[in-house]
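[1] Pasted the sequence and its predicted model underneath.
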Amino acid sequence: MSASRFIKCVTVGDGAVGKTCLLISYTSNTFPTDYVPTVFDNFSANVVVNGATVNLGLWDTAGQEDYNRLRPLSYRGADVFILAFSLISKASYENVSKKWIPELKHYAPGVPIVLVGTKLDLRDDKQFFVDHPGATPITNAQVTEY
């Protein structure tokens with residue numbers, strides 16, 4: 001069955017928020033256990049929408065500041081952005097409005113943005129916060145501000 005349409009979906013967000021893990025989990029049904037920082041990577045999945053097969057091209061980008069000048073090159077032709085932040089990182093949440101939304105609106109005005117909170121499983125994990133004293137959970141009330 002060949003795809004009748006292609007959708008380019010670019011994933012952005014701070015480094016180490018779980019963008020690559022999200023994409024690997026979705027496309028391969030496996031959960032990666034090792035963290036390897038991404039520069040750029042592509043994944044693909046065929047999905048059926050209203051009876052038609054759509055090829056979903058998933059572009060994984062680097063969130064680290066070292067790639068601020070290179071990353072926007074992947075935005076051209078994007079149909080949608082997934083903007084990921086970690087539900088256990090106040091800094092990544094704050095960067096949604098400080099960095100990511102302004103960057104996306106500048107380089108790709110009008111392209112829809114889907115906001116995704118990652119690491120929900122750790123938000124209520126007391127041991128995680130004992131082991132990571134600087135981590136701050138993001139509440140549902142904070143997220144609904146968007």
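    Received it, and whenever you're ready, just let me know what you need. Numbering: from 1, shown residues only.
[2] Spit out the contact partners of Ile82.
    Taking Cβ atoms under 8 Å, 6 or more residues apart in numbering, we find Ile82 in contact with Cys9, Val10, Thr11, Val12, Lys19, Leu22, Val114, Val116. In this view, the C-beta of every residue, glycine as well, is placed from N, C-alpha and C.
[3] right, I mislabeled it, should have said Ala135
    By Cβ under 8 Å, 6+ apart, the contact list for Ala135 reads Ile88, Ser89, Phe128, Phe129.
[4] same question, Gly77
    Taking Cβ under 8 Å, 6+ apart, we find Gly77 in contact with Lys8.
[5] Tell me if I am right that it is in a helix.
    No: under DSSP: H, G, I helix; E, B strand; the rest coil, Gly77 sits outside any helix and is assigned coil.
[6] how deep is the residue lying closest to Tyr67 once chain neighbours are set aside tucked in, by neighbour count?
    Using Cβ to Cβ, 6 or more residues apart in numbering and skipping the chain neighbours, the partner closest in space to Tyr67 is Val39 (6.9 Å). Per other Cβ atoms under 10 Å, the neighbour tally for Val39 reads 12.
[7] which residue is nearest the centroid of this protein?
    Per Cα atoms, centre = their mean, the C-alpha nearest to the average position across the chain is that of Ala84, at 3.4 Å.
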